[in-house]
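J.: Got a predicted structure plus its sequence, pasted below:
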Amino acid sequence: MLFRSRKLRLDWELSAEALEDNIEGPDLEDHIARLMATQAGNDIEDTLINGTGTGSGLMSAFQGFRQLALNNAHVVDAAGYGLDKTVFNQAIKTLPRKYKQRRNQLRFFTGSNLVQDYLFNLTANAGNGNPFDIASGIIRGDVAANDGGPGTVTPFAFGIPVINVPLINETQTYNGNANTGDVHLTFPQNFVIGIKRDVTVYRLFQPKKDTIEYTLFIRVGCVMENYDAHVLVKNIAVAGSVMSTPSFGSASNGSGITGGLNGETY
């Protein structure tokens, strides 16, 4: 498993006047430092998920998990279909048999709006039924778990938890279909993040400019441990229709997978 990190930088500055004239006084310096650290964390997570490794800007720093899966894992095109049990069923069937021995450790990962679409479609398919009661009584068999957010739960699809990842991009465009997202099926341990240098912040006063300059550095990167144990379903329409019969076609295998159909060796 090859791993390469990239050095990322975030810099900002504060003028002496800003520190003198605001109501927080000198405390403004710490306040802004905390805000910038939070933003840096969000940007790094965004790059780890959605980085393309090409072009310009932060997303060009390295390939994130989505691009790695798109290039190397099992990929299914949902062709603009909405998110319901059909998509999850196709992902499970695409995953090679040998990984289903650890089915209780598998997880679905998708964006917030697609999670909401799935819950909505559970309600629509069950008339006036409560989607959480349906999940508990039929799909999963026990009480829904709290996913960390206030008043929210983790839905399940065929016994596998559907994890809400808000920073997964849901504005992809495929074949004219805008606002589409992805569903990942894999083991959480398959996502490997490496930090070769902890976050370092340098503070320097510049007398000529009468400002304080801050520079934040971190060396970070990501890789997947086993591409054969990863299924990416792409081109899922946000708020898309699920009333028609989908046509997924056969799954394609990326360059990170060796062997025969679905990674099996014959």
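T.: Everything's here; your move.

J.: How many neighbouring residues does the closest residue to S112 other than its chain neighbours have?
T.: Excluding its sequence neighbours, the residue lying closest to S112 (CB to CB, 6 or more residues apart in numbering) is P166, at 4.8 Å. (Glycine included, C-beta is placed from N, CA and C.) When neighbours are defined as other CB atoms under 10 Å, P166 has 13 of them.

J.: One more: T173?
T.: Neighbours around T173, by other CB under 10 Å: 10.

J.: and the closest residue to it other than its chain neighbours, how far is that from D27?
T.: In space, T173 comes closest to T180 once its chain neighbours are excluded; the distance is 6.9 Å by CB to CB, 6+ apart. For T180, the distance to D27 equals 45 Å [CB to CB, to the nearest Å].

J.: Same question for Q189.
T.: Separation of Q189 from D27 (CB to CB): 41 Å.

J.: Next: C222.
T.: Counting by CB to CB, the gap from C222 to D27 is 36 Å.

J.: Comparing these two, which residue is more hemmed in?
T.: C222 (20 against 11).

J.: so D198 sits in a strand?
T.: Yes. According to DSSP: H, G, I helix; E, B strand; the rest coil, D198 belongs to a strand.

J.: Name the secondary structure element that contains the closest residue in space to it that isn't next to it in sequence.
T.: Distances taken as CB to CB, 6+ apart place I218 nearest to D198, at 7.3 Å, with adjacent residues excluded. Element membership for I218 (DSSP states H and E) is strand 211-224.

J.: Moving C-terminal from that strand, which element do we reach first?
T.: strand 231-237.

J.: Would you indicate which residues of that following strand are buried?
T.: Under the neighbour-count criterion of 16 or more other CB atoms under 10 Å, strand 231-237 has 231-237 buried.

J.: So what's the gap between the helix or strand following that strand and the chain middle?
T.: Sequence-wise, the next helix or strand downstream of strand 231-237 (DSSP H and E) is strand 252-253. With CA atoms, centre = their mean, to the nearest Å as the basis, strand 252-253 stands 21 Å off its chain's centre.

J.: Can you mark which positions in stretch 58-75 are buried?
T.: 59, 61-70, 72-75.

J.: Nearest to T154 among these?
T.: F65 (19.8 Å; CB to CB).

J.: so who does the closest one touch?
T.: Neighbour list for F65: 48-49, 184, 191, 222, 224 [criterion: CB atoms under 8 Å, 6 or more residues apart in numbering].

J.: Pull out the buried residues from those.
T.: 48-49, 184, 191, 222, 224.

J.: Tabulate these (CSV), appending distance to F205 and pLDDT.
T.: What follows is the buried ones among the contacts of F65, written out as CSV (distance: CB to CB, whole Å; pLDDT from 0 to 100):
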residue, distance to F205, pLDDT
L48, 33, 96
I49, 37, 96
H184, 46, 97
F191, 40, 96
C222, 36, 95
M224, 44, 94
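
J.: Output the lowest mean pLDDT helix or strand found in the chain.
T.: helix 131-134 (a mean of 53; mean pLDDT, DSSP states H and E).
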